[in-house]
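Engineer: Take a look and give me a structure for this.
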Amino acid sequence: MKKILSVVLCLIMVMGVLAGCGDENTAGGGSSASADAESTGTGNTLVVGFDQNFPPMGFVGDDGEYTGFDLDLAKEVANRLGMDFEARPIDWDSKDALLNAGTISCIWNGFTINGREDDYLWSEPYLNNKQVFVVRSDSGINSAADLAGKIVDVQTDSSAQAALDENKELSSTFARLDIVPDYNTGFMNLESGACDAVAMDIVVASYQIEQRGGDTFKILDDVIAEEEYGVGFKLGNTELRDKVQGALDEMAADGTMAEISTKWFGEDITTVGK
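Structural biologist: As a prediction, the model looks like this:
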């Protein structure tokens with residue numbers, strides 16, 4: 001009888017240990033899910049994916065810190081939403097994979113809506129932009145027609161690349177259309193004579209030219225394409241998009257967005273609520 005009682009007690013103890021393990025595993029799974037929620041912006045962290053070589057929208061400042069117009073906007077949005085803010089530099093070619101995996105909450109970096117309308121869940125446009133050509137001031141190039149037989153650089157997977165791929169009538173006149181990883185490389189090629197023009201966003205071009213002295217380069221009057229900038233979210237992430245849009249609307253209404261724009265561009269060029 002004592003042996004039978006001992007066996008029963010042992011079984012009860014084993015079952016208790018197994019039950020405890022099950023509870024521990026469940027708790028661990030909940031903790032992991034919470035971390036995943038934070039990384040996608042559904043928790044308390046807004047993780048902004050950006051190209052760190054895209055001044056003035058997002059780049060590495062002289063102090064080694066990430067800065068830029070878009071990052072200032074995003075930081076203020078996170079603050080108003082009571083969220084932590086993380087600026088995460090990404091390989092631009094990998095942006096979709098990172099967004100879909102939940103590694104970043106959104107793509108916020110001079111991100112063009114046009115042509116991508118169905119690929120992301122978008123905020124309302126907050127900036128208008130144009131695609132233009134930048135050339136050396138002493139190049140003798142004064143129009144897009146003068147680029148016939150010339151070498152033109154464009155950033156990989158950029159709106160300028162997409163626009164030139166569509167405009168074969170123009171791009172087919174170039175000697176070459178070279179794809180470069182970022183606009184800093186394009187400007188270095190332009191300075192060295194490795195290319196004759198760089199096709200890029202006018203807001204970025206204006207900033208780059210000012211930073212490099214102002215007289216060395218010029219923007220041609222020809223416009224390749226016009227576009228709108230927005231914040232891109234993963235399809236279906238309506239909750240976060242709506243929160244961010246609400247904060248942007250508030251910033252436009254109380255003048256904060258205009259202040260940030262004036263800081264970077266010398267005037268308010270934003271379009272929210274206008």
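Engineer: partner residues bridging Val223?
Structural biologist: For Val223, the beta-bridge partners under DSSP bridges are Val132.
Engineer: For it, which residues are in contact?
Structural biologist: Lys130, Gln131, Val132 (Cβ atoms under 8 Å, 6 or more residues apart in numbering). In short, each C-beta sits where N, CA and C put it, glycine included.
Engineer: Columns pLDDT, neighbour count and distance to Leu81 on top of those, output as a markdown table?
Structural biologist: Listed next are the contacts of Val223 as a markdown table, based on pLDDT from 0 to 100; neighbours: other Cβ atoms under 10 Å; distance: Cβ to Cβ, whole Å:
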| residue | pLDDT | neighbour count | distance to Leu81 |
| --- | --- | --- | --- |
| Lys130 | 92 | 19 | 31 |
| Gln131 | 94 | 25 | 32 |
| Val132 | 96 | 24 | 35 |
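Engineer: could you redo those as JSON lines and give each row distance to Lys75?
Structural biologist: Output for the contacts of Val223, formatted as JSON lines (distance: Cβ to Cβ, whole Å):
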{"residue": "Lys130", "distance to Lys75": "27"}
{"residue": "Gln131", "distance to Lys75": "27"}
{"residue": "Val132", "distance to Lys75": "29"}
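Engineer: Out of those, which comes closest to Asp93?
Structural biologist: Using Cβ to Cβ, Gln131 comes nearest to Asp93 of the contacts of Val223, at 19.5 Å.
Engineer: Roughly how far does that closest one sit from Asn79?
Structural biologist: Per Cβ to Cβ, to the nearest Å, Gln131 is found 32 Å from Asn79.
Engineer: List just the nearest of the contacts of Val223 to Ser206.
Structural biologist: Val132 (9.4 Å).
Engineer: which residue ranges form the helices in the stretch 151-274 of the chain?
Structural biologist: With DSSP state H, counting those that start in this stretch as the criterion, the stretch 151-274 of the chain has helices at 159-166, 168-171, 183-192, 202-211, 238-254, 256-265.
Engineer: okay, those helices, which one's buried deepest?
Structural biologist: Greatest average neighbour count among these goes to helix 159-166 (a mean of 20), per mean count of other Cβ atoms under 10 Å.
Engineer: Excluding chain neighbours, give the residue nearest to Asp201 in space.
Structural biologist: For Asp201, ignoring the flanking residues on the chain, the nearest one in space by Cβ to Cβ, 6 or more residues apart in numbering is Asn129 at 5.3 Å.
Engineer: thinking Met257 is in contact with Asp70, fair?
Structural biologist: No - counting by Cβ atoms under 8 Å, Met257 stays clear of Asp70, with 11.7 Å between them.
Engineer: which residues are contacting the one helix or strand Asn100 maps to?
Structural biologist: Using DSSP states H and E, Asn100 sits in helix 95-101. Outside helix 95-101, the residues within contact range by Cβ under 8 Å, 6+ apart are Gly49, Ile90, Ile104, Cys106, Ile107, Asp119, Tyr120, Gly232, Phe233, Lys234.
Engineer: Take the residues you listed and, keeping just the buried ones, write it as a PyMOL select command.
Structural biologist: Command for PyMOL that selects the buried part of these, burial taken from 16 or more other Cβ atoms under 10 Å:
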select buried, resi 49+90+104+106+107+120+232+233+234
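Engineer: tell me which of the contacts of helix 95-101 is nearest to Val60?
Structural biologist: Distances from Val60 to these, taken by Cβ to Cβ, are shortest for Ile90, at 13.7 Å.
Engineer: any idea how far that closest one lies from Lys218?
Structural biologist: Applying Cβ to Cβ to Ile90 and Lys218 gives a distance of 31 Å.
Engineer: Glu166 now?
Structural biologist: Distance from Glu166 to Lys218, by Cβ to Cβ: 25 Å.
Engineer: The contacts of helix 95-101 into a markdown table, with extra columns for distance to Phe187 and pLDDT?
Structural biologist: Formatted as a markdown table, these follow (distance: Cβ to Cβ, whole Å; pLDDT from 0 to 100):
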| residue | distance to Phe187 | pLDDT |
| --- | --- | --- |
| Gly49 | 23 | 97 |
| Ile90 | 21 | 95 |
| Ile104 | 27 | 97 |
| Cys106 | 28 | 98 |
| Ile107 | 23 | 98 |
| Asp119 | 29 | 97 |
| Tyr120 | 29 | 98 |
| Gly232 | 26 | 98 |
| Phe233 | 31 | 98 |
| Lys234 | 33 | 97 |
